[in-house]
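Novice: what follows is a predicted structure for the sequence shown.
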Amino acid sequence: RKEVEQDPGPFNVPEGATVAFNCTYSNSASQSFFWYRQDCRKEPKLLMSVYSSGNEDGRFTAQLNRASQYISLLIRDSKLSDSATYLCVVNRGSAGKSTFGDGTTLTVKP
Amino acid sequence: GAGVSQSPSNKVTEKGKDVELRCDPISGHTALYWYRQSLGQGLEFLIYFQGNSAPDKSGLPSDRFSAERTGGSVSTLTIQRTQQEDSAVYLCASSPGQPGQPQHFGDGTRLSIL
């Protein structure tokens, strides 16, 4: 089993839709969590950190469920520019290594 | 610059040659990662440096791959006797190395083996 697992998709949604991605992790000692966005042929870029109490940044909401060991990303009112691959990242903390999921591909269509 | 710098941006070489890829992390970042990404695939972890600790080399695919980090800053990834399957984008990332701090990526080196 992979340490971090994501549904690869693709998710194809119309503009304005709400879409959610989940990411599960296997190491219960994981301490830090992030969502990254990667556009085609570009490097990954930090989208948002994921905090224990959940956090929101505009149309994006991230949540953490430690009991079930998953994090989620919700995108409301999808835009064409949201089309990308979304990567979840889990860090063990205490200078431990970060592990990336393989990503979920989102295509937002007019 | 303030970001992670990688060089060269592109490298084309013949099968069997050795290549060196360079990563200059953000100043003060103690953690440095190398990843490989083939077209349409996810990130493949290669190696992780954290401060003065022994590097985590668990992702290196073969003994043709090696990396070093001199003085806790610049890192070089070396691939010996390159093969066509080594063709990929090689990405470097750095972070402050403390819990809760994300990685920041360079633009990558696109390596093509003929």
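Specialist: Looks like it arrived, so ask away.
Novice: and the residue nearest the centre of chain B, bridged to which residues?
Specialist: The residue lying closest to the centre of chain B (Cα atoms, centre = their mean) is residue B:34, at 3.2 Å. Beta-bridge partners of residue B:34, counted by DSSP bridges, are residue B:47, residue B:92.
Novice: lowest confidence element among the helices and strands of chain B?
Specialist: The least trusted helix or strand in chain B, going by mean pLDDT, DSSP states H and E, turns out to be strand B:44-50, with a mean of 93.
Novice: how far does that strand sit from its chain's centre?
Specialist: Centroid separation for strand B:44-50 versus its chain: 8 Å, with Cα atoms, centre = their mean, to the nearest Å.
Novice: flag the shaky bits of the chain, pLDDT-wise.
Specialist: With no chain named, the answer covers chain A. Within chain A, the segments meeting pLDDT under 70 span A:93-96.
Novice: wait, I meant chain B there
Specialist: Using pLDDT under 70, chain B drops low at B:1.
Novice: residue of it nearest chain A, please.
Specialist: Across chain B, no residue is closer to chain A than residue B:42, which sits at 3.3 Å (Cβ to the nearest Cβ). C-beta: built from backbone N, CA, C; applies to glycine.
Novice: tally of neighbours for residue B:56?
Specialist: For residue B:56, the count of nearby residues is 16 (other Cβ atoms under 10 Å in any protein chain shown).
Novice: residue A:38 too?
Specialist: Using other Cβ under 10 Å, residue A:38 has 21 other residues around it.
Novice: phi first, then psi, for it.
Specialist: Main-chain dihedrals, residue A:38, degrees, to the nearest 10: phi -130, psi 120.
Novice: my guess is it contacts residue A:84, does it?
Specialist: Yes: with contacts defined as Cβ atoms under 8 Å, residue A:38 counts as touching residue A:84 at a distance of 6.2 Å.
Novice: residues of chain A that sit close to chain B?
Specialist: Taking Cβ under 8 Å from any Cβ of the partner chain as the contact definition, chain A meets chain B at A:31-32, A:34, A:36, A:43-46, A:49, A:87, A:89, A:91, A:93-95, A:97-103.
Novice: contact residues of chain B facing chain A?
Specialist: Within chain B, the positions near chain A by Cβ under 8 Å from any Cβ are B:30-31, B:33, B:35, B:41-43, B:45, B:48, B:50-51, B:53, B:56, B:91, B:95, B:97-108.
Novice: hmm, which of these are the buried ones?
Specialist: Of all the residues of chain B next to chain A considered here, the ones buried according to neighbour count by 16 or more other Cβ atoms under 10 Å in any protein chain shown are B:30-31, B:33, B:35, B:42-43, B:45, B:48, B:50, B:56, B:91, B:95, B:97, B:101-108.
Novice: thinking the residue nearest to the centre of chain B is in contact with residue B:88, fair?
Specialist: No: between residue B:34 and residue B:88 there is no contact under Cβ under 8 Å: 11.4 Å.
Novice: which residues touch residue A:78?
Specialist: Residues in contact with residue A:78 (Cβ atoms under 8 Å, 6 or more residues apart in numbering or on different chains) are A:13-19, A:106, A:108.
Novice: please repeat the previous calculation with a cut-off of 6 Å.
Specialist: The neighbours of residue A:78, taking Cβ atoms under 6 Å, 6 or more residues apart in numbering or on different chains as the test, are A:13, A:15, A:17, A:108.
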